[in-house]
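[1] I'll drop the sequence and a predicted model, then ask my questions.
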Amino acid sequence: MGKPLATGAGVTVGATLLMGGAAQAATFTVGTTDDSTGATDCAVPTNTDCSLDDAISDANTDPGSTVTFRSGVTGTITLGSPLPSIVVPMTISGPGAGQITVDGDDAYRGFNVFTATGADVSISGLTITNGYANGIGGGIRNKYADLTLSSAIVTGNESTGGGGGVAAYYYGSLTVENSTISRNDGSRGSGVYTQSGDGTPATIRNSTISGNMGSDFGGGVYFDYTSPATLEDSTVYDNSASSSGGGVYHYGRRTGLPGLTITGSTITHNTADRGGGLASYGGEDATQPVIRSTIISQNTADQGADVSGSFIADPAASMTAAFSLIGSVDPNSPLSQTGPNLIGQDPQLGPLTDNGGTTATQKPAASSPAIDQGSAFGLATDQRGQGRPFEIPSIPNAAGGDGSDIGAVELQASELPSNAFTAKVKGMKLVVSVSAAGSVKVADAKAPLAATAKKKKRRLFLNSANGSGGPPKVTVALRLTKLAKKKLRQKGKLTAKARITFTPNRGLARTQTTKLQIKGKRKK
């Protein structure tokens, strides 16, 4: 068990401690995976007996302090009793989600955060699993704090209320980044549940919410009251809810407050009774969700497989979408298109897997209609941390777009069809061996690259020629100039320096300069 705090309610203690001693914040080091040892030397970095329970207890007496882990400490901390509540500003910094696991043993919540309003609390670099709560937040419950969860895995937790994985409520803001929230079970927002009485913000970015299962609303994420609510550069995959919002559920019921904005994300393969991908319910003058450069497709529901909304105050109110690919929209739920969208098209996504970065994603095929049809809306990277936009010159951008790919993944040069090629002459034809379909252009290497180039006397052997096809080969008929034909007749052979450009379909062009040995019949 944790060390006792001063008498009084948790919030009062947190508020009192917050007022003094912040400058004396220390680092307390977990030196063992034992659940609780009653250690007295957690401030010693090399200790071997300070448990996580002990370190949190010590940190609760020193607002702003950090709980870290001794180098070499790895494994699972199986809880035999609840960890002490976090009641002051605190940072818990694990060595990596693959190194330390906090296991609630299907009996205890992972972390309980219960501070003064607005206290900064950060938890990172841990796996939190098998937590259980008779209430909300099986893995983590946050009340009042500004909680940041990063580089973490929250999986296999359960609650009888909302947020089987993570729950934030009562003025507690939440930021989830670079994390995986998977296979949690709860009544609402089985993966992540956020509820605030005054529009406290909630943000999920660069994260994957997958395989969570709810008995009510919001299988993956439930945004309730939160303002603004943000989902960006994230994947919501294979979550389920028995009612509405298999992937994401939004309940906007605060007058004049910003609602939910979804940007650069992918929401697929989720199931619900209504709104398999995204469902929204609007109260009086509630702001409806905004969908930007996002894929919402291949979800399942009896009503509104991909997107559905119900707005009780103003039936004409609607969600808005721009530069997005949406499989289907509930015909009873108007969708205002504020920019070009792709409706009803197959996004051609791969499986949820490791495509680079810290979280699993679904990578689109190079032939996907989502490629270069989006807009970054200020996002500089995709979910994997790769730069966006990355434009492919051979694909025209959507009108008003910047060449970003729609969804959580921005294809990079190495992920496009190969533009490598080899070429050789066979008679009067150039045979180009390629590993992807595309087009080939052949020109004399001495020819100007632009029509506006300064004219000068050039002795050209080749006229421009084009061909397409492949793989494995693209054949181009060589077109000789009069000078080249004359030399070929005189000598029976000709060496021409060619500029060969191969552009794979929906890929990047590659140009090589090659000497071509052309043979013909010499006239005597």
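    Great, that's in hand.
[2] Report the buried residues of stretch 436-445.
    The neighbour-count check on stretch 436-445 (16 or more other CB atoms under 10 Å) flags 436, 438-445 as buried. (Each C-beta comes from the backbone N, C-alpha and C, glycine too.)
[3] Revised request: answer the last question for stretch 49-68.
    Here stretch 49-68 shows 49-68 as buried, counting by 16+ other CB under 10 Å.
[4] From the chain's centroid, how far away is it?
    Centroid displacement of stretch 49-68 relative to its chain, using CA atoms, centre = their mean, to the nearest Å, is 32 Å.
[5] so what's Lys429 bridging to?
    Legend: beta-bridge partners of Lys429 under DSSP bridges are Lys426, Ala477.
[6] In a strand, Ala408, correct?
    No. Looking at Ala408 with DSSP: H, G, I helix; E, B strand; the rest coil, it is coil, so not inside a strand.
[7] quick one, what contacts it?
    Residues counted as contacts of Ala408 (CB atoms under 8 Å, 6 or more residues apart in numbering) are 233-235, 264-266, 295, 361-362, 382-383.
[8] 10 Å - rerun?
    By CB atoms under 10 Å, 6 or more residues apart in numbering, the contact set of Ala408 is 206-208, 232-237, 263-267, 293-295, 349, 355, 357, 359, 361-364, 382-384.
[9] What score does it have for pLDDT?
    Looking at Ala408, its pLDDT is 98.
[10] Could you dump the buried residues of stretch 436-445 into CSV and include distance to Ile371 and pLDDT?
    Shown next, in CSV, are the buried residues of stretch 436-445 (distance: CB to CB, whole Å; pLDDT from 0 to 100):
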residue, distance to Ile371, pLDDT
Ala436, 15, 96
Gly438, 15, 97
Ser439, 18, 97
Val440, 22, 98
Lys441, 22, 97
Val442, 27, 97
Ala443, 28, 96
Asp444, 33, 96
Ala445, 32, 95
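[11] Let's have these in a markdown table, adding secondary structure.
    Formatted as a markdown table, the buried residues of stretch 436-445 follow (three-state DSSP):
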| residue | secondary structure |
| --- | --- |
| Ala436 | coil |
| Gly438 | strand |
| Ser439 | strand |
| Val440 | strand |
| Lys441 | strand |
| Val442 | strand |
| Ala443 | strand |
| Asp444 | strand |
| Ala445 | coil |
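[12] got the buried residues for the longest strand anywhere in the chain?
    Using DSSP state E, we find that the single longest strand of the chain is strand 493-504. For strand 493-504, the neighbour count (16+ other CB under 10 Å) marks 494, 496, 498-504 as buried.
[13] mind saving the C-alpha coords of that strand as CSV?
    What follows is strand 493-504, C-alpha atoms only, in CSV (Å, rounded to 0.1, in the frame of the first residue of the first chain):
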residue,chain,number,x,y,z
LYS,A,493,25.9,2.1,-87.1
LEU,A,494,25.3,5.1,-84.9
THR,A,495,25.9,6.1,-81.3
ALA,A,496,23.3,8.4,-80.0
LYS,A,497,23.2,9.9,-76.5
ALA,A,498,19.6,9.6,-75.2
ARG,A,499,17.8,11.1,-72.3
ILE,A,500,15.3,8.4,-71.1
THR,A,501,12.6,9.2,-68.6
PHE,A,502,10.4,6.6,-66.9
THR,A,503,7.4,7.7,-64.9
PRO,A,504,5.5,4.9,-63.2
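[14] Direction included, what does that strand pair against?
    If you go by DSSP bridges, strand 493-504 pairs up with strand 438-444 (antiparallel), strand 510-519 (antiparallel).
[15] which residues does Phe114 bridge with?
    Beta-bridge pairing of Phe114 under DSSP bridges involves Lys143.
[16] shouldn't it be in contact with Leu83?
    No. Assessed by CB atoms under 10 Å, Phe114 is found out of contact with Leu83, at 11.8 Å.
[17] between those two, which one's more packed in?
    More crowded of Phe114 and Leu83, by other CB atoms under 10 Å: Leu83, with 24 against 21.
[18] Which residues are in contact with that one?
    By CB under 10 Å, 6+ apart, Leu83 lies in contact with 1-2, 35-36, 51-53, 55-57, 77, 102, 104, 108-112.
[19] Apply 8 Å and report the result again.
    Counted by CB under 8 Å, 6+ apart, Leu83 has contacts 2, 52-53, 56, 102, 108-112.
[20] So which of those residues belong to helices?
    Among those, DSSP state H puts 52-53, 56 in helices.
[21] Kindly reformat these as CSV containing distance to Thr148.
    Formatted as CSV, the ones in helices among the contacts of Leu83 follow (distance: CB to CB, whole Å):
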residue, distance to Thr148
Leu52, 19
Asp53, 22
Ile56, 17
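[22] Gln345: which of these is nearest?
    Leu52 (48.8 Å; CB to CB).
[23] That closest one is in contact with Thr29, isn't it?
    No. Assessed by CB atoms under 8 Å, Leu52 is found out of contact with Thr29, at 10.6 Å.
[24] Overlap of the contact sets of these two?
    Shared contacts of Leu52 and Thr29, defined by CB under 8 Å, 6+ apart, are found at Val67.
[25] re earlier: could you list which of the contacts of Ala408 belong to helices?
    Residues of these located in helices (DSSP H): none.
[26] next one: phi and psi at Asp273?
    phi -70, psi -40 (degrees, to the nearest 10).
[27] was I right about it contacting Gln303?
    Yes. Asp273 is within contact range of Gln303, at 7.0 Å (criterion: CB under 8 Å).
[28] Distance from the chain centre to stretch 324-332, please.
    Centroid separation for stretch 324-332 versus its chain: 21 Å, with CA atoms, centre = their mean.
[29] rewinding a little: in CSV: the ones in helices among the contacts of Leu83, plus pLDDT and distance to Thr91.
    Below are the ones in helices among the contacts of Leu83 laid out as CSV (pLDDT from 0 to 100; distance: CB to CB, whole Å):
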residue, pLDDT, distance to Thr91
Leu52, 97, 14
Asp53, 96, 17
Ile56, 97, 11
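[30] just those residues now: which is nearest Gly344?
    Leu52 (50.4 Å).
[31] separation between that closest one and Ala447?
    Going from Leu52 to Ala447 by CB to CB, to the nearest Å gives 71 Å.
[32] Extract the CA atoms of the helix or strand that Leu174 is a member of and return them as PDB.
    Here Leu174, judged by DSSP states H and E, is contained in strand 173-177. Only the C-alpha atoms of strand 173-177 are listed here, as PDB (Å, rounded to 0.1, in the frame of the first residue of the first chain):
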ATOM      1  CA  SER A 173      -8.700  17.800 -19.900                       C
ATOM      2  CA  LEU A 174      -7.000  15.000 -21.800                       C
ATOM      3  CA  THR A 175      -4.300  14.800 -24.400                       C
ATOM      4  CA  VAL A 176      -3.500  11.400 -25.900                       C
ATOM      5  CA  GLU A 177      -0.500  11.300 -28.300                       C
END
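[33] what lines up beside it in the sheet?
    strand 146-150 (parallel), strand 202-205 (parallel).
[34] Could you double-check that Ile500 sits in contact with Asp444?
    No. In this structure, Ile500 is not within contact of Asp444 by CB under 8 Å, at 10.9 Å.
[35] Could I get the pLDDT score of the residue nearest to Ile262 when sequence neighbours are not counted?
    Nearest residue to Ile262, sequence neighbours excluded (CB to CB, 6 or more residues apart in numbering): Leu231, at 4.6 Å. Looking at Leu231, its pLDDT is 98.
[36] and Leu231, how many neighbours does it have?
    As a burial measure, Leu231 scores 31 neighbours (other CB under 10 Å).
[37] quick one, helices of the stretch 51-200 of the chain?
    52-59 (DSSP state H, counting those that start in this stretch).
[38] thinking again about what came up before, what's the lowest-pLDDT member of the buried residues of strand 493-504?
    On pLDDT alone, Leu494 ranks lowest of the buried residues of strand 493-504, at 92.
[39] Verify the stated contact: that residue with Lys487.
    Yes. At 5.4 Å, Leu494 and Lys487 qualify as touching, with contact defined as CB under 8 Å.
[40] Would you agree Lys487 falls within a strand?
    No. Assigned with three-state DSSP, Lys487 falls outside any strand and is helix.
[41] Having no further points to raise, I will conclude here.
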